[in-house]
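got a predicted structure here, sequence first:
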Amino acid sequence: MIDHTQLTAWMSGYLRAWTSNDREDIESLFTADAVYRTSPFTEPWVGHDQIVAGWLEGLDEPGTWEFEWHPRIESADLAVIEGVARYQDGRTYSNLWVIDLDDAGLCRDYTEWYMRQP
């Protein structure tokens, strides 16, 4: 069951991992067999090894971005957050993240939807 406290804790962990790019921080967010999609129509990363490898391949350097978010949907088994990522180089992205957390607060399925703002 996803509740606001659990979602907020998971998002805090995600932002910590985004900042650190540390394997343990990344793994701590996901179940061992989690599915991570960087967009809805790409081949997903499955499991810790693929998620960490994919994350680190396209990592953002710490201090080069800011991210604001708020929940759009919080249901028993699914959360959707809306966010805005702003990069120091001027790029800005609107985001929707679809997050499926288990009872322990680990993500088992994640999909990003993002669009660059003009």
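Sure, I can see it. Numbering: from 1, shown residues only.

residues in contact with the residue sitting nearest the centre point of the chain?
Among the residues of the chain, Tyr14 comes closest to the average C-alpha position under C-alpha atoms, centre = their mean, at 5.8 Å. Listed by C-beta atoms under 8 Å, 6 or more residues apart in numbering, the contact partners of Tyr14 are Leu29. Quick note: C-beta positions are derived from backbone N, CA and C, even for glycine.

kindly report the same for Phe30.
Applying C-beta under 8 Å, 6+ apart, one finds that Phe30 lies in contact with Tyr36, His48, Ile51, Leu106, Cys107, Arg108, Tyr110.

from the residues you listed, which is closest to Ile2?
Each of these was checked against Ile2 using C-beta to C-beta; the closest is Cys107, at 10.3 Å.

ok, that closest one to Pro62 distance?
Counting by C-beta to C-beta, to the nearest Å, the gap between Cys107 and Pro62 amounts to 22 Å.

again with Thr38
Between Thr38 and Pro62 the distance, using C-beta to C-beta, works out to 20 Å.

which one's more surrounded, the two?
Neighbours per residue (other C-beta atoms under 10 Å) separate Thr38 from Pro62, with Thr38 holding more: 16 against 10.

tell me where this structure has helices.
Across the chain, reading from the start of the chain, the helices by DSSP state H fall at 4-20, 23-27, 47-57.

between helix 4-20 and the last one, find me the angle.
Meaning helix 47-57. Angle, helix 47-57 to helix 4-20, by axes from the mean of the first three to the mean of the last three C-alpha atoms, to 10 degrees: 50 degrees.

same for helix 47-57, what does it pack against?
The elements that helix 47-57 packs onto, with contact taken as 3 or more C-beta pairs under 8 Å, 6 or more residues apart in numbering; DSSP states H and E, are helix 23-27, strand 30-37, strand 45-46.

what about the longest one, average pLDDT?
With pLDDT averaged residue by residue, strand 30-37 scores 98.

related to what we said a few turns ago, got JSON lines for the contacts of Phe30, with neighbour count too?
JSON lines is the format used below for the contacts of Phe30 (neighbours: other C-beta atoms under 10 Å):
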{"residue": "Tyr36", "neighbour count": "21"}
{"residue": "His48", "neighbour count": "18"}
{"residue": "Ile51", "neighbour count": "22"}
{"residue": "Leu106", "neighbour count": "17"}
{"residue": "Cys107", "neighbour count": "21"}
{"residue": "Arg108", "neighbour count": "16"}
{"residue": "Tyr110", "neighbour count": "21"}
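
thank you, goodbye.
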